[in-house]
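In: Structure, please.
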Amino acid sequence: MHDCFRLGRLVYLMTALFIAAGVFGCATTPTGPSAQAVAQAEKTVTPGQVQHPVYQGPGMVTYYSPPGRIDLCGEPVPLENQEVMERFDKEFTLVVYNPAHVYQWLKLKGRYFPSIEERLRRLNLPEDLKYVAIAEIEPPLNTPKRKSVDMRYDFERSPDSAFQYLGDLYRNFKSWSLAIAAYNSGEKRIMDECRAHGESDCYQMMLPQETERYVFRILAIKAVLSDPARYGYELPKGAGYR
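Out: Have a look, this model is predicted:
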């Protein structure tokens, strides 16, 4: 019986010790970040090393508004029309917030623009057509190239023929936006639309969605590539293609 009494008392004392240790442990446990986490957050960043914020809240993406005025080959785009403005803004937003495409185009500028600009001067065509060439040479990812235009007028295979074809389309339609739309969807499609509705304004015509977006995408490419620094893009010296 004495042995049972001593064993029970031992169990009681051990239980009391464990309870006390747990209480004191909880009382002394820090509620904030651990010392290791604080030291990691306050660690000095060496030059060339990227410092990632411990906490990154919302609203960290810079907002870029589309230009309030823009023209295509010297022809003003009617951005005062709300529908036209929204269609342009959509393509502008998709371009300006796509760094992969923008930097790819910036790299291509050094390779293509000098020869393209020289061709356009020689053919007496507007310089803005170089943005059509960029859209054709480097289409969006996972987007097949158009099949409506004869391969003889393909920019990569025959740039002079492609520019001359655009010039012919302009002489037919008396509008660069319509000429570019016809280059995308085919001359007959644009002519049928003009005849059916008596409309000659590209921005008011009922065109295939691909063609409507094509014209506005070229405008968006022009807006960003003509002033990339305004939208936070700067290509390091020597990074462009030759």
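
In: Strands of the chain, start to end?
Out: 71-72, 75-76 (DSSP state E).

In: and the ones you listed, which is most packed in?
Out: Ranked by mean neighbour count, the strands of the chain are led by strand 71-72 with a mean of 18 (mean count of other C-beta atoms under 10 Å). (Each C-beta comes from the backbone N, C-alpha and C, glycine too.)

In: which outside residues touch stretch 165-172?
Out: Applying C-beta atoms under 8 Å, 6 or more residues apart in numbering, the external contacts of stretch 165-172 come out as 123, 125, 129, 132, 149, 153, 176, 178-180, 182-183, 187.

In: residues of that stretch that come out buried?
Out: Using 16 or more other C-beta atoms under 10 Å as the test for burial, stretch 165-172 gives 165-167, 169-170.

In: pLDDT below threshold where in this structure?
Out: Within the chain, the stretches with pLDDT under 70 are 1-59, 138-154, 156.

In: how about JSON lines for the buried residues of stretch 165-172, with distance to residue 78 added?
Out: Compiled in JSON lines, these are given as follows (distance: C-beta to C-beta, whole Å):
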{"residue": "165", "distance to residue 78": "26"}
{"residue": "166", "distance to residue 78": "22"}
{"residue": "167", "distance to residue 78": "24"}
{"residue": "169", "distance to residue 78": "21"}
{"residue": "170", "distance to residue 78": "19"}
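
In: Out of those residues, which is nearest to residue 219?
Out: residue 166 (15.7 Å; C-beta to C-beta).
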